[in-house]
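A.B. asks: predicted structure and sequence below. I'll ask about it afterward.
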Amino acid sequence: MKKIYLLLLPLFFTELIYAQNQPHLDIKNINAFLKIKPVKKQVVGEVELQFMLNQACDSIFLDAKNMEEVVLKTSKISVKTTSEKIWFYNDFKADSLYSIQFKYLAKPQQTLYFNNWDIPEKAQVFSQGQGKYTSHWLPSLDDMNDKIEFDLSFEAPREYTLISNGKLISKSVFEKVSRWTYDMQKPMSSYLVMVALGRFDFEKIQSKSGVPIYLYFAPRYHKLVEPTYRYTKEIFDFLESSIGVAYPWQNYKQVPVKDFLYAGMENTGATVFSEQFLTDSIGFIDQNYVNVNAHELAHQWFGNLITETSSTHHWLHEGFATYYALKAEREIFGDNYFFYSMYQTAERLSEASESGRGEALLNTKASSLTYYQKGAWALFFLENKLGESVFKKIVKSFLEKYAYQNVRTEDFIKVAEEISGKDLSGFEKKWLLANTFPSYEAMRLLSTIEFMQKYLALNALRELPLEQKVEDLKDALSAPVNDYLGQEAVIQLSLENIHSPVVVALLKMALKSESLLVKQSVALHIDKIPSTLKKEYEQLLHEKSYTTQEAALLNLWINFQSNRANYLELLKDKQGFYNKSLRHLWLGLHLATPAYKPENKTVIFQELNQYTNAIYDISIRRSAFSIIRQINLWSDESLLNLIKATQHYNYRFYSFARNMIKELAKNGALKKQINALSQQVEFRNKQFLKTILD
Ligand SMILES: [Zn+2]
């Protein structure tokens, strides 16, 4: 029966990896002094480790990847360093407190990122522990199941601000360096350790309950602080009161960094997030930090205060953070926003489920759609089934019972059953264990909401001929317009004959409406513009929305050749979102409009090229590369930057760059150009190019 063993083996391994690998060990404290050497990309550390054992043993280890020069400072103990671990040997007894001191040198290849140290105002260091392992720069435990109190001090170049978990208790400035001492009072899993270094200022606010909240920013972005961090206090106060458990850490900090790996990461008391969420007030309308802000903050309870024992229970982090973030957004953006968001994710989950791609919530290899959205849906369903106040009691008791510990799904269910007095095995089966998504239950729940009834009724008209639904569409577009009904009406109109006078008349209603989102949906969905709609459509260029302006500019430029110069002239000073996509589109269209200011073409081309440089955030570079690809104007500079981007540490960015290079190499002339440039790049770039050029 070999086959069965083969099938069982991977599962067995997964469980093995996640079982606590030193169950007898309890690390109490890691007290470390870390010298950050950004130019050398090194960390020199001195660590004091305190631990107890519940049974005698002859060795313990810390995870420590490729540490060099490990020197023990404690006598009677011996040490052995491997590429993965530092082992300590002694005749360790049960129930006594041990302390070990040692020094090490780390040259982290991941987890700690050193960016732009050739440009002082852009220079940054930041960590990303989850999925990357803190043990690449600080000996600790990769296993989440031993929670440790980390008290970290740092030495770093004096011109920069250093941020870490806990409370800053001292800072001393020397000739070339500053020393920063942070204190934590509660234990956490090692993946939540955080450090960031760079030119940062902060604004300090305070929650209703008195928790200090620090909003960090690079000085050059000081004008973006208010719109970027808008509603932070509201979100904090809402989460504290709706979760019912006081914020569990000494303070809360948020730090935006360039070239981050994800949207945000909820390190304990110290969230790091991507600079691409920086926004001005106009950008805020279409793309803002509110959801990520609330999501990472919710993790301070769900993930950090209580932590999964293994990835089987990952939804206890992501499902809860997603659901509570949406609840916070409901407070800010209203009920319709909330229900429409739930409806959209239900649609995505149903589609996956119906096409056989459904996944159980407790599947260790599930996608983020499952952990995040199906998890949020399970909680939304449970809250509706048990009632708001019972649900709140359950969450509160669950958090209090397991505070600073590790948890499993069955722990949550047990608390929920005890408090509700209900048997939840049906819920468990349908929402946590089944691969399918319970679409029927989800839609039944949503259709109890009056707004959703109206929306679904309008949505059901999609297949109907226009003449049978003109009045319904007119209703949807009459003042006062509901954002979601109005958008649905525009989408249905976009599927009709655009030259029909009825369609044009209805689109004019949409364009005259008060709703920014309804007008935006005209820009996004109507790309063939009848001349009878031209005048009204052109007004979209003046909308206070970068998404609208961008789509309108492109569509108008394509539809009305003789007006191209006018459109470009109108938007010549706009930058758009943080990623400059509006500016990049404008630059691209400028270059594609020979008659418009021919004397400026060289400068315009240079400007577009420079945004591909590594001094810019990956979101800016990605946008610039996309426009250059569309106008197909590659310079040696932009192409070389694209080649280098194929080796970036950010998975999504290097995948994007690799795919683009592969596509470009299909063109003979570009292939030659890439080949010539391959002489100028590092070995790993060359190796990658070899795979596509040969
Ligand atoms: Zn999350």
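C.D. replies: That came through fine.
A.B. asks: confirm residue 462 sits in a strand?
C.D. replies: No: checked against DSSP: H, G, I helix; E, B strand; the rest coil, residue 462 lies outside a strand; its state is coil.
A.B. asks: not counting its neighbours along the chain, what's nearest it?
C.D. replies: residue 492 (5.9 Å; CB to CB, 6 or more residues apart in numbering). Where you see a C-beta, it was placed from the backbone N, CA and C, and this is true even at glycine.
A.B. asks: now that neighbour: which helix or strand?
C.D. replies: Per DSSP states H and E, residue 492 falls inside helix 483-494.
A.B. asks: in that helix, which residues are buried?
C.D. replies: Within helix 483-494, the residues that qualify as buried by neighbour count (16 or more other CB atoms under 10 Å) are 483, 484, 485, 486, 487, 488, 489, 490, 492, 493, 494.
A.B. asks: ok, the residue lying closest to the last one once chain neighbours are set aside - contacts?
C.D. replies: Same thing as residue 494. Using CB to CB, 6+ apart and skipping residues adjacent in sequence, the residue nearest residue 494 is residue 525, 3.9 Å away. Neighbour list for residue 525: 490, 491, 493, 494 [criterion: CB atoms under 8 Å, 6 or more residues apart in numbering].
A.B. asks: tell me the SS of the closest residue to the ion within the stretch 351-500 of the chain?
C.D. replies: Taking CB to the ion, the ion has its nearest neighbour within the stretch 351-500 of the chain at residue 372, 7.1 Å off. Of the three states, residue 372 takes helix under three-state DSSP.
A.B. asks: and residue 291, by the same measure?
C.D. replies: At residue 291 the chain is in helix, as set by three-state DSSP.
A.B. asks: that one - how many residues pack around it?
C.D. replies: Using other CB atoms under 10 Å, residue 291 has 20 other residues around it.
A.B. asks: the ion versus that one, what's the distance?
C.D. replies: Relative to the ion, residue 291 is positioned 11 Å away (CB to the ion, to the nearest Å).
A.B. asks: now residue 187
C.D. replies: Where the ion is concerned, residue 187 sits at a distance of 21 Å (CB to the ion).
A.B. asks: so what's that residue up against?
C.D. replies: Applying CB under 8 Å, 6+ apart to residue 187 gives the contacts 28, 147, 148, 149, 404.
A.B. asks: how about residue 364: what's its closest non-neighbour residue?
C.D. replies: Of all residues not flanking residue 364 in the chain, residue 311 sits nearest, at 4.7 Å (CB to CB, 6+ apart).
A.B. asks: burial count for that neighbour?
C.D. replies: Residue 311 has 18 nearby residues by other CB under 10 Å.
A.B. asks: the stretch 51-200 of the chain: strands as residue ranges?
C.D. replies: For the stretch 51-200 of the chain, applying DSSP state E, counting those that start in this stretch gives strands covering 57-63, 68-72, 78-81, 85-92, 98-106, 112-115, 124-127, 149-157, 161-164, 167-173, 177-183, 195-198.
A.B. asks: distance to residue 657 and mean neighbour count for the ones you listed - can I get that in JSON lines?
C.D. replies: Compiled in JSON lines, the strands of the stretch 51-200 of the chain are given as follows (distance: least, CB to CB, whole Å; neighbours: other CB atoms under 10 Å):
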{"stretch": "strand 57-63", "distance to residue 657": "31", "mean neighbour count": "18"}
{"stretch": "strand 68-72", "distance to residue 657": "32", "mean neighbour count": "13"}
{"stretch": "strand 78-81", "distance to residue 657": "36", "mean neighbour count": "14"}
{"stretch": "strand 85-92", "distance to residue 657": "35", "mean neighbour count": "17"}
{"stretch": "strand 98-106", "distance to residue 657": "28", "mean neighbour count": "18"}
{"stretch": "strand 112-115", "distance to residue 657": "17", "mean neighbour count": "21"}
{"stretch": "strand 124-127", "distance to residue 657": "21", "mean neighbour count": "24"}
{"stretch": "strand 149-157", "distance to residue 657": "31", "mean neighbour count": "21"}
{"stretch": "strand 161-164", "distance to residue 657": "30", "mean neighbour count": "24"}
{"stretch": "strand 167-173", "distance to residue 657": "38", "mean neighbour count": "12"}
{"stretch": "strand 177-183", "distance to residue 657": "36", "mean neighbour count": "19"}
{"stretch": "strand 195-198", "distance to residue 657": "25", "mean neighbour count": "25"}
